[in-house]
Structures are given as structure tokens and as C-alpha cells.
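Chemist: Below is the structure, and that's it, no one-letter string:
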């Protein structure tokens, strides 16, 4: 998937994440219509949010983090202040997932 102009208005900022020993720069892009994405050079690296039946109980800047996102990336996003953990959780398939707040 490629998104070039679509999410331009929703850029949250640049984040540097070390993946496999290599520093890489990503942006977090948030679209009310399509979700929250970790982007690299306008290409989706990982979709951060998941849709669950509980989504309607979230505030506008809260989202359930996809269980596919690696713990290292979650740790970096928290450490660099791009997301904040909030006290909401739900079940997605066989996993309990936690909600985060997009800062």
C-alpha cells in the first residue's frame, strides 16, 4: 500500500526506531477515516491500530494497538512520547490488547 498525499494533514511527527541494528526514521500518520499508521517514505510499515467492537468506547485520540506491532516499536513510541498507555483493554482474537493515546 502506498499513501502519498492522503495522510499529509495528519502527520504526528518523525520518530527514530532501531530495527535489526539499523536506525530508521518513521512518521506516525493518523486519519479519522482510515486509522493510524507507522509510515516510512510514504509507505505503510505497520498499521498501529485495530478495530474492535469496543472502538466506540474510545476517545478520539485513543486506539487499540495491533498485536502485530513488535514490542520494541511499542517501547520506542512510548519512550519518545508519541503514544501514551491508557487503562482500557479488549480482546482481539485470542489476545488481550491495550489502548493507547496518540499524543
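Modeler: Structure's in. What do you need? Computed from a predicted structure; not experimentally measured.

Chemist: May I have the residues that are in contact with residue 92?
Modeler: Residues near residue 92 by CB atoms under 8 Å, 6 or more residues apart in numbering: 50, 52, 64, 67. All C-beta atoms are positioned from the backbone trio N, CA, C, and that covers glycine.

Chemist: okay, those residues in CSV with neighbour count, secondary structure and distance to residue 34 next?
Modeler: Converted to CSV, the contacts of residue 92 look like this (neighbours: other CB atoms under 10 Å; DSSP: H, G, I helix; E, B strand; the rest coil; distance: CB to CB, whole Å):
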residue, neighbour count, secondary structure, distance to residue 34
50, 20, strand, 13
52, 16, coil, 16
64, 21, strand, 15
67, 13, coil, 19
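
Chemist: residue farthest from the centroid of this protein?
Modeler: Residue farthest from the centre of the chain, counting by CA atoms, centre = their mean, is residue 21 at 21.4 Å.

Chemist: Can you read off the pLDDT for it?
Modeler: At residue 21, the pLDDT value in this model is 88.

Chemist: Ramachandran coordinates for it?
Modeler: Main-chain dihedrals, residue 21, degrees, to the nearest 10: phi 80, psi 10.

Chemist: residue closest to the middle of this structure?
Modeler: Relative to the mean C-alpha position of the chain, the nearest C-alpha, by CA atoms, centre = their mean, is the one of residue 48, at 3.0 Å.

Chemist: Not counting sequence-adjacent ones, nearest residue to residue 84?
Modeler: Excluding the flanking residues, the one nearest residue 84 by CB to CB, 6 or more residues apart in numbering is residue 101, at 4.3 Å.
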